[in-house]
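Colleague: Build the 3D model from these lines:
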Amino acid sequence: MFNLYFIPQEEFCSKLGYFNPFIPIFAANFEIGMSFRRIKSLLVVSLSFVALLVSTSTKANESVVLPTDSNKVKQPIVAEAEPAAHAAKEEGSFNVTETILEHIKDDHSWHLWGHTSLHLPVILYTSKGLEVFSSKNFLDEHHEQTIYKGNFDYKIIEGKTKIVDAAGVVDVQASKQLWDFSITKNVASLFISVFILLVVLLTAASAYKKTGVKSAPKGLQSFMEPIVLFVRDEVAIPNIGAKRHAKYMPFLLTIFFLVLTNNFLGLVPFFPGGANVSGNIAFTMTLAVCVFIVVNLSANKSYWEHIFWMPGMHWSMKLFLAPIELIGVFTKPISLMIRLFANITAGHILVLSLICLIFIFKTVFASAIAVPFAVFIGLIELLVAFLQAYIFTMLSAMYIGMATEEHHHEAHEAHKEVAHH
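Modeller: Alright, predicted model coming up:
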């Protein structure tokens, strides 16, 4: 502990070279004069160093001037240096977030290579009628976003088609009356996946019609049959039941193959792959709504009774649990929607982040680390693509089974009736 004492201000301030009679000073009881000399020296060195840096920075930022006469105005020669510096800055800058989001979001065109893209049709319905044109009209000769003048002035803003005025400002009232039915990248990829499924499934079905189910499967039959049997024996029967599963097999197989095909296509880095369909919240929401409709339309009386008025419980607990069970009816499909969307999107972001390390560090050593890890994560994504299709289908089957199952008290009453007869 330092012993502090009050010293006369005149004596203290004489060491600093100034005097202020209004400020009381406390000092430590050890060679105060030497301490202040050291502090003063350090301050002088620090200020000198800062001044040197500031002067050097100022000189670097000053314009270089030509030697001229004293009567003439000195002209800075920075006109040629600025464009070069600006170009170097644009070339060297790399926005990781923008690059990743550009690859996982939906778009009105499908990038192939370089400046070559597959421009998709834009279908708009406004107060002036239906309008169809190519998304190429939204780009100028420098591949930059521009305004297309049709029935209205249209512009792509944050991936959405908006009606704008002459200054490019969004016309909110007119945009509210705009209906966009455009074929975007995700919609085109969905059409491709549906086409692939139709070709594969119809080919396998026609082969079964010719050879029957007793002969050994060949070709696509041998590939599809184990998957169909897996969905039936491991997903439908355990969760729905052996008696009721056949009714829901077409629905479950459609969900499984649709999700699986889009997951695999999303892992292909070139056309016709690369679209993030399963990572689009609209796609997963549509599937979840379909599951919600099938579950609630298939639900029996006992299912609704256990939600709104649970048998065998006190009325006070029924009042408490009924709202919770009703909320659960909606949270189940919401969990399906978010789980598939989040897992697929996270996988794409992880792979793209590893690839972006090469452009961030700009060295071959970064690629030696990033590429093997990206390949490894890509192989894991193959497993995740199958697992997400399986989990989505399994949970859908589980919700259907919960809505259609015969509860224990009903089974017990049915057993009593049989025994009575």
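Colleague: what's next to stretch 202-220, contact-wise?
Modeller: Stretch 202-220 is contacted from outside by 200, 221-222, 224-225, using CB atoms under 8 Å, 6 or more residues apart in numbering. Bear in mind the C-beta positions are built from the backbone N, C-alpha and C, glycine included.
Colleague: and the residue most central in space within the chain, helix, strand or coil?
Modeller: Closest to where the C-alpha atoms of the chain average out (CA atoms, centre = their mean) is T345, at 4.9 Å. Under DSSP: H, G, I helix; E, B strand; the rest coil, the three-state class of T345 is helix.
Colleague: Next up, the contacts around it.
Modeller: Contacts of T345 (CB under 8 Å, 6+ apart): 104, 276, 279.
Colleague: Any of these buried? List them.
Modeller: Buried by 16 or more other CB atoms under 10 Å: 104, 276, 279, out of those.
Colleague: May I see those organised as a markdown table, with pLDDT, secondary structure and distance to L258 added?
Modeller: Shown next, in a markdown table, are the buried ones among the contacts of T345 (pLDDT from 0 to 100; DSSP: H, G, I helix; E, B strand; the rest coil; distance: CB to CB, whole Å):
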| residue | pLDDT | secondary structure | distance to L258 |
| --- | --- | --- | --- |
| I104 | 86 | helix | 20 |
| N276 | 89 | coil | 15 |
| G279 | 91 | coil | 14 |
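Colleague: closest to K332 among those?
Modeller: Comparing these against K332 with CB to CB places G279 closest, at 21.0 Å.
Colleague: Could you verify my assumption that that closest one touches L265?
Modeller: No: assessed by CB atoms under 8 Å, G279 is found out of contact with L265, at 11.6 Å.
Colleague: related to what we said a few turns ago, any idea how far the residue nearest to the centre of the chain is from I196?
Modeller: Separation of T345 from I196 (CB to CB, to the nearest Å): 22 Å.
Colleague: do the same with V295
Modeller: From V295 across to I196, the span is 28 Å (CB to CB).
Colleague: now swap in F373 and tell me
Modeller: For F373, the distance to I196 (CB to CB) stands at 30 Å.
Colleague: tell me the helices in the stretch 251-400 of the chain, going along the chain?
Modeller: Taking DSSP state H, counting those that start in this stretch as the test, the helices found in the stretch 251-400 of the chain are 281-298, 301-308, 315-361, 364-404.
Colleague: give me the low-pLDDT residue ranges for this structure?
Modeller: 1-92, 407-421 (pLDDT under 70).
Colleague: Which residue ranges make up the domains of it?
Modeller: Taking automatic domain parsing as the reference, the chain has its domains at 107-183, 203-420.
Colleague: Nearest to S93, out of those?
Modeller: With CB to CB as the measure, domain 203-420 is the member of the domains of the chain nearest S93 (10.4 Å).
Colleague: I'd like the next helix or strand past the helix or strand encompassing Y154.
Modeller: According to DSSP states H and E, Y154 maps onto strand 153-157. Sequence-wise, the next helix or strand downstream of strand 153-157 (DSSP H and E) is strand 160-164.
Colleague: Tell me the buried residues in that following strand?
Modeller: Result for strand 160-164 [16+ other CB under 10 Å]: buried residues 161-164.
Colleague: Show me what secondary structure element comes after the helix or strand where Y208 lies.
Modeller: For Y208, the host element (DSSP H and E) is helix 185-211. Proceeding N to C from helix 185-211, the next assigned helix or strand is helix 220-230, under DSSP H and E.
Colleague: Report the angle between that next one and helix 185-211.
Modeller: 100 degrees (axes from the mean of the first three to the mean of the last three CA atoms, to 10 degrees).
Colleague: So which bits of helix 220-230 are buried?
Modeller: Residues 220-221, 224, 228 are the ones in helix 220-230 that count as buried (16+ other CB under 10 Å).
Colleague: Give the burial count for D106, as a bare number.
Modeller: Counted with other CB atoms under 10 Å, the neighbours of D106 add up to 19.
Colleague: and it, what does it touch?
Modeller: Counting by CB under 8 Å, 6+ apart, D106 makes contact with 159, 184-186, 276, 280.
Colleague: how about a cut-off of 7 Å?
Modeller: By CB atoms under 7 Å, 6 or more residues apart in numbering, the contact set of D106 is 159, 184-186, 280.
Colleague: Name the member of those with the most neighbours.
Modeller: Per-residue neighbour counts (other CB under 10 Å) across these peak at N280, which has 26 neighbours.
Colleague: List the single closest residue to that one in space, sequence neighbours excluded.
Modeller: N186 (5.3 Å; CB to CB, 6 or more residues apart in numbering).
Colleague: Make sure that neighbour is actually in contact with G279.
Modeller: No: taking contacts as CB atoms under 7 Å, N186 lies outside contact range of G279: 9.2 Å.
Colleague: In TSV: the buried residues of helix 220-230, plus distance to C356.
Modeller: Shown next, in TSV, are the buried residues of helix 220-230 (distance: CB to CB, whole Å):
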residue	distance to C356
L220	39
Q221	43
M224	38
V228	40
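Colleague: Tell me which two in those residues are the farthest apart.
Modeller: Among the buried residues of helix 220-230, the pair separated by the greatest distance (CB to CB) is L220 and V228, at 11.5 Å.
Colleague: Against which helices or strands is the strand holding Y154 packed?
Modeller: Packing partners of strand 153-157 (3 or more CB pairs under 7 Å, 6 or more residues apart in numbering; DSSP states H and E): strand 160-164.
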